[in-house]
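*Asks:* What follows is a predicted protein model with its sequence.
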Amino acid sequence: MQRWVRLPQGGFIDASRIVYVGKPESFAKLDEEGHAVGTDYAVAIATSFDRTQQMMINGSRDEIAQFVRQLMGQGQGSQG
């Protein structure tokens, strides 16, 4: 059964195919000139243990939190 989850960057991913969710991490968000303008967050996910099937999802704290809640089946907009 497919359960589609919206990515913060746009697009969707089938949550039932995800085999790995990493620890959310924070890093300095930079503008075009290289100046720190705040904090951004990211979480690593994988649909296979093969390195080519891994990706880093980044966004604001709220976007990453909502994404992880949707993966766990607890967020608004999750479909089952």
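*Replies:* Right, received. Where do you want to start?
*Asks:* May I have the secondary structure class of T52?
*Replies:* helix (DSSP: H, G, I helix; E, B strand; the rest coil).
*Asks:* Tell me how many other residues surround it.
*Replies:* Neighbour count for T52, taken as other C-beta atoms under 10 Å: 8. For glycine as for every other residue, the C-beta is placed from the backbone atoms N, C-alpha and C.
*Asks:* repeat for A42
*Replies:* 16.
*Asks:* Quick check: what element follows the helix or strand containing it along the chain?
*Replies:* Taking DSSP states H and E as the criterion, A42 maps to strand 36-46. Going down the chain from strand 36-46, the next helix or strand is strand 54-59, by DSSP H and E.
*Asks:* ok, and what's touching that following strand?
*Replies:* With contacts defined as C-beta atoms under 8 Å, 6 or more residues apart in numbering, strand 54-59 is touched by 7-9, 20, 40-46, 48, 64, 67.
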